[in-house]
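Visitor: sequence below, structure please.
(2 chains)
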Amino acid sequence: MSNLRVRFAPSPTGYLHIGGARTALFNYLLAKKEQGTFVLRIEDTDVARSTRESVDAILQAMDWLGLSCDEGPFYQSERFELYQEKIEQLLAEGKAYRCTCTPEELEEKRNRALAEGGKPKYDGTCRDRAAQDADLPHVVRFRFPQQGETSFNDRIKGVIRFANDELDDLIIRRTDGTPTYNFVVVVDDATMGISLVVRGDDHVNNTPRQIPMYEALGFPVPEFAHVPMILGADKSRLSKRHGATSVMAYRDLGYLPEAMVNYLVRLGWSYGDEEIFSMDELIEKFSLENVGKSAGVFNPDKLLWLNAHYIKTGDVGRLAGLLRGHLLELGIDADGGPVLEAVVRSLQERAQTLVEMAEGARFYFAGKIEYDDKARAKCLTADKKEPLLEVVRHLEAMRECTLESVENAFAAMMAATGLKFGQFGPAVRVALTGSMSSPSNYEMIAILGVEESCRRIRAAIEVLE
RNA sequence: GCGCUCAUCGUCUAGCCUGGCCUAGGACACCGGCCUUUCACGCCGGCGACGGGGGUUCGAAUCCCCCUGGGCGUACCA
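Guide: Residues are numbered from 1 along each chain as shown, chains lettered A, B, ... in the order given. This next block holds a predicted model:
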């Protein structure tokens, strides 16, 4: 075990999205690589917006991606006592103060400052007033240093400095008594012993507000690594209108978790020219040094390509299990049909997602083939009757039905009759599947079996035009 | 507005720190060809970028400055 302690701290106000998943992944990889500890913390201080469903969705998504935590999940909503204690401590030490300005007054001051070209920060009305009556409605503000500067050496972005007079005394406890994000994140990261905070770029600006609080509380300041944002195709922040942003939506779309992990890690990180990484390789090769500084655009095409790669190379048994679920979604019960593993093998190289595979597998389980109009008109013509009957004859003469025996049967038929593939092949394909594109005839027949294959061919003969 | 930050093919990126090996490499997408019993897979090839302007230097994608553009923040959200 090393001393490295990292954490992923999502707020449960929705599903785990692409950006959050990547942050979680980076943290996970770092922890595994250094044999450190990966802590999961649920940031639910905003009681109104946090939901149990979101927590479950996030946990489920992390589980799907294989990002197991070593500690947690911890819930901030269960730690209010600790936060209260720390706030009282700051109050007692004069490092925080009660403020009775109303939201309306603040809003008004902000607007005025902005209109006059000034900074919309808190003007410090209550800062220097004598201690405010604790019985009056009030918030608690952290007394932020107004001189000097706050800086930190970001592990990804390098040194970042802020002039302290840019920041104001932020609210750490609301009127309703609940603590706010910027404060609890400090208390939690400190008390949970987090040594490296890896989080989204959007928190860079929060960092200089948090550092003085670590110091005021007497905590050591952790290291920070801010990972760049993920943008949509138009370079604006990734959102629903750019397509699915929920990680779990991709599972339902037929994506494999390893494809998602592989895609996510390469968005912002690279390792020479390598594109394909297993989780184990990532644990070995991932490092913050190779994380880029600039925001990246989410590219669904590349994710799709990776998914196709993992489907092509995936374990057939596992894929069959997953395919079963997707077939069910299409109303197809795989039981009683052809061996699913064989079905997967025949479709592995032609499906980019499991949903595509399920759709491509439809014909295997169809009782009655629905012919594509064009395919039927082109391939199921009257002159195919004799060739198709020959096919049936030769297939039924086989002793066993394997890929090899089917191939031999066709070879024998062609030798005996002089028929060329074009005279029966396309027709067989349409008879078997209803369409002009499919796995190879031989393979399909081997999978469907002689009886079913011949039944389909005979049915096609009935409808020749 | 102000603050922080980023900037290589359409996209993800290598190269940048330690200038010359860069007529800028790889991947996705796209286009063409090959393979082929269809569709795919695969293979081969093509298209395609250092945002602009100033410097520094014998030499800059690489160093410096300015401009422009993008992102983030500026909440009693996280």
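Visitor: the stretch 51-200 of chain A: strands as residue ranges?
Guide: Under the criterion DSSP state E, counting those that start in this stretch, the stretch 51-200 of chain A carries strands at the ranges A:71-75, A:96-99, A:139-142, A:149-154, A:158-163, A:171-173, A:196-200.
Visitor: which other residues reach the helix or strand harbouring residue A:211?
Guide: Assigned by DSSP states H and E, residue A:211 belongs to helix A:207-217. Applying Cβ atoms under 8 Å, 6 or more residues apart in numbering, the contact partners of helix A:207-217 are A:86, A:89-90, A:93, A:95, A:142, A:144-145, A:150-152, A:160, A:162, A:164, A:167, A:170, A:172, A:182-183, A:185-187, A:190, A:220-222, A:224, A:226. The C-beta positions use only the backbone N, C-alpha and C, and glycine is treated the same way.
Visitor: quick one: that helix to chain centroid distance?
Guide: 32 Å (Cα atoms, centre = their mean, to the nearest Å).
Visitor: for that helix, buried residues please.
Guide: Neighbour-count burial for helix A:207-217, with 16 or more other Cβ atoms under 10 Å as criterion, is recorded at A:207, A:208, A:209, A:210, A:211, A:212, A:213, A:214, A:216, A:217.
Visitor: quick one: the lowest-mean-pLDDT helix or strand in chain A near RNA strand B?
Guide: Every helix and strand of chain A was ranked by mean pLDDT, DSSP states H and E. The lowest is helix A:103-115, at a mean of 85. Yes: for helix A:103-115, a contact with RNA strand B is found by Cβ under 7 Å from any atom of the strand, at A:103, A:106, A:110, A:114.
Visitor: so which of the residues you listed comes closest to RNA strand B?
Guide: Nearest to RNA strand B out of the residues of helix A:103-115 next to RNA strand B is residue A:103 (Cβ to the nearest atom of the strand; 3.9 Å).
Visitor: residues near the closest one, how many?
Guide: Residues lying near residue A:103 (other Cβ atoms under 10 Å) number 9.
Visitor: for it, give its distance to residue A:2.
Guide: 45 Å (Cβ to Cβ, to the nearest Å).
Visitor: Validate this expectation: residue A:12 resides in a helix.
Guide: No: applying DSSP: H, G, I helix; E, B strand; the rest coil, one finds residue A:12 to be coil, outside a helix.
Visitor: for it, give me phi and psi.
Guide: phi -80, psi 70 (degrees, to the nearest 10).
Visitor: tell me the pLDDT of the closest residue to it other than its chain neighbours.
Guide: Leaving out its chain neighbours, the residue that sits closest to residue A:12 by Cβ to Cβ, 6 or more residues apart in numbering is residue A:54, at 3.6 Å. Note for residue A:54: predicted pLDDT of 94.
Visitor: where does the prediction get shaky in the stretch 351-465 of chain A?
Guide: Counting by pLDDT under 70, the stretch 351-465 of chain A shows no low-confidence range.
Visitor: count of residues packed around the residue in it that RNA strand B sits nearest to?
Guide: Here the stretch 351-465 of chain A gets closest to RNA strand B at one residue, residue A:437, 3.0 Å apart by Cβ to the nearest atom of the strand. Other residues near residue A:437 come to 10 when the count uses other Cβ under 10 Å.
Visitor: again with residue A:374
Guide: Neighbour tally, residue A:374, other Cβ under 10 Å: 11.
Visitor: for it, which non-adjacent residue is spatially closest?
Guide: Per Cβ to Cβ, 6+ apart, closest to residue A:374 is residue A:436, 7.5 Å.
Visitor: need the pLDDT of the residue nearest to the spatial centre of chain A.
Guide: Geometric centre of chain A, nearest residue: residue A:247, 3.1 Å, by Cα atoms, centre = their mean. For residue A:247, the model assigns a pLDDT of 96.
Visitor: who's in contact with it?
Guide: Residue A:247 neighbours (Cβ under 8 Å, 6+ apart): A:15, A:16, A:17, A:18, A:21, A:61, A:64, A:65, A:260.
Visitor: now the residue nearest to residue A:145 when sequence neighbours are not counted: how far from RNA strand B?
Guide: Sequence neighbours aside, residue A:164 is the residue nearest to residue A:145 in space, at 4.9 Å (criterion: Cβ to Cβ, 6+ apart). Look at residue A:164 and RNA strand B: by Cβ to the nearest atom of the strand, to the nearest Å, they are 10 Å apart.
Visitor: wait, residue A:164 touches residue A:121, no?
Guide: No: here residue A:164 does not reach residue A:121: they are 11.3 Å apart, not a contact under Cβ atoms under 8 Å.
Visitor: make a PyMOL selection of the buried ones in the contacts of helix A:207-217.
Guide: A single PyMOL command selects the buried members of those (16+ other Cβ under 10 Å):
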select buried, chain A and resi 86+90+95+142+144+150+152+160+162+167+170+172+182+183+185+186+187+190+221+222+224+226
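Visitor: flag every buried residue along stretch A:391-406.
Guide: By 16+ other Cβ under 10 Å, the buried positions in stretch A:391-406 come out as A:391, A:392, A:394, A:395, A:401, A:405, A:406.
Visitor: could you identify the most distant pair in those residues?
Guide: By the measure Cβ to Cβ, A:392 and A:405 form the most distant pair in the buried residues of stretch A:391-406, at 15.0 Å.
Visitor: what is the helix or strand that contains residue A:306 packed up against?
Guide: Following DSSP H and E, one finds residue A:306 within helix A:300-313. Under the contact definition 3 or more Cβ pairs under 8 Å, 6 or more residues apart in numbering; DSSP states H and E, helix A:300-313 sits against helix A:257-266.
Visitor: establish whether the helix it packs on and RNA strand B are in contact.
Guide: Yes: Helix A:257-266 is in contact with RNA strand B by Cβ under 7 Å from any atom of the strand, via residue A:266.
Visitor: so residue A:226: helix, strand or coil?
Guide: Under three-state DSSP, the three-state class of residue A:226 is strand.
Visitor: and RNA strand B, is the helix holding residue A:211 touching that?
Guide: No: Helix A:207-217 is not in contact with RNA strand B by Cβ under 7 Å from any atom of the strand; minimum separation 8.1 Å.
Visitor: just stretch A:39-50 next, same as before
Guide: Yes: contact between stretch A:39-50 and RNA strand B is present through A:43, A:44, A:45, A:46, A:49 (criterion: Cβ under 7 Å from any atom of the strand).
Visitor: what residues does the stretch 101-250 of chain A have near RNA strand B?
Guide: Contact residues, the stretch 101-250 of chain A versus RNA strand B (Cβ under 7 Å from any atom of the strand): A:101-103, A:106, A:110, A:114, A:117, A:119-121, A:137, A:139, A:157-163, A:166, A:171, A:174-176, A:178, A:180-182, A:201-206, A:228-229, A:231, A:235-237.
Visitor: next, give phi and psi for the residue nearest to the centre of chain A.
Guide: With angles defined as degrees, to the nearest 10, residue A:247 sits at phi -60, psi -40.
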